[in-house]
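Undergrad: Following is a predicted model, sequence given first.
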Amino acid sequence: MAENVYEGLFILDANRYAHDQAGVSGRVNALIEKHGGTVLVSRLWEERRLAYPIRGQKKGAYWLTYFRTEGSKIGPLTEEAMREDNFLRQMFLKIDPRIVDTLVSHALQRKEARPVTARSAARPAAPTAGAKDAGAKDAGAKDAGVDSAADSAKEASADEAKAAEATAE
C-alpha cells in the first residue's frame, strides 16, 4: 500500500507538558513510529486556553506533526492516541502531495521545529514562488493571532493555480 503524508495535531495536557516537555512531546513521535510512521517534523504550535474544558483541563499545548505512513495505520494510531493520558484530543489530516514540501518546509522554519530524521534534515524542501508570497501573508496573519501552515499552503496553491490559468489564457 502507498504511503501518504499526514498532518497530526495533538492537544496535550498542558499541566503534564509543563512538568515534562520532552517526555510528553516524545510520546507523540513514539506513538507514530510504533505504528510504522516516519516523523518528518514535530513541534509545539502554541499553548492556549481551550474553548471548553476537556477532561477538566482549561489549557492545552497544541503539538503539530507531519509524518509519513500508510492509510491503513491511521485507525489503530487514532485508537491508541485516544487511550493516551497525555493527549486530550488529536486530529489527522491527509495532506495533498502537491503541498507536502511547502508545509514541511514552513513547519521547519519555525523556531520550535525539530527535524526528526536525518533524511528530512538533510533535504529540506525548496519553497516555491507561491510559498514566498504565502509567507508574507502568514506574517500579516500572525499579527492578527492566526498561524496556520495549512492555510498558507492552500493560499500558495491557489495563487499558483491562478497564475497557471492566466498563462493558459
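TA: In hand now; what should we look at?

Undergrad: shouldn't Ser25 be in contact with Trp45?
TA: No. Counting by Cβ atoms under 8 Å, Ser25 sits too far from Trp45 to count as a contact (11.3 Å). (C-beta placed from N, C-alpha, C; glycine too.)

Undergrad: Show me the common contact partners of those two, please.
TA: Residues touching both Ser25 and Trp45 by Cβ atoms under 8 Å, 6 or more residues apart in numbering: Trp63.

Undergrad: Against Pro53, how distant is Ala18?
TA: For Ala18, the distance to Pro53 equals 17 Å [Cβ to Cβ, to the nearest Å].

Undergrad: what do you get for Lys73?
TA: 31 Å.

Undergrad: in the protein, which strand has the most residues?
TA: strand 38-54 (DSSP state E).

Undergrad: What strands flank that strand, and is each parallel or antiparallel?
TA: Applying DSSP bridges, strand 38-54 is found paired with strand 57-70 (antiparallel), strand 114-115 (antiparallel).

Undergrad: Alpha carbons of that strand, as CSV, please.
TA: The C-alpha coordinates for strand 38-54 follow below in CSV (Å, rounded to 0.1, in the frame of the first residue of the first chain):
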residue,chain,number,x,y,z
THR,A,38,8.1,8.2,9.8
VAL,A,39,8.0,11.6,11.5
LEU,A,40,9.1,14.5,9.2
VAL,A,41,8.5,17.4,11.6
SER,A,42,7.3,17.6,15.2
ARG,A,43,6.9,20.9,17.0
LEU,A,44,4.9,22.9,19.6
TRP,A,45,2.4,25.1,17.8
GLU,A,46,1.2,27.0,20.8
GLU,A,47,-0.2,26.8,24.3
ARG,A,48,-3.6,28.3,24.8
ARG,A,49,-6.8,28.3,26.7
LEU,A,50,-9.3,25.8,25.4
ALA,A,51,-12.8,26.8,24.2
TYR,A,52,-14.3,24.4,26.7
PRO,A,53,-12.8,22.2,29.4
ILE,A,54,-11.6,18.8,28.2
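
Undergrad: Sounds good, over and out.
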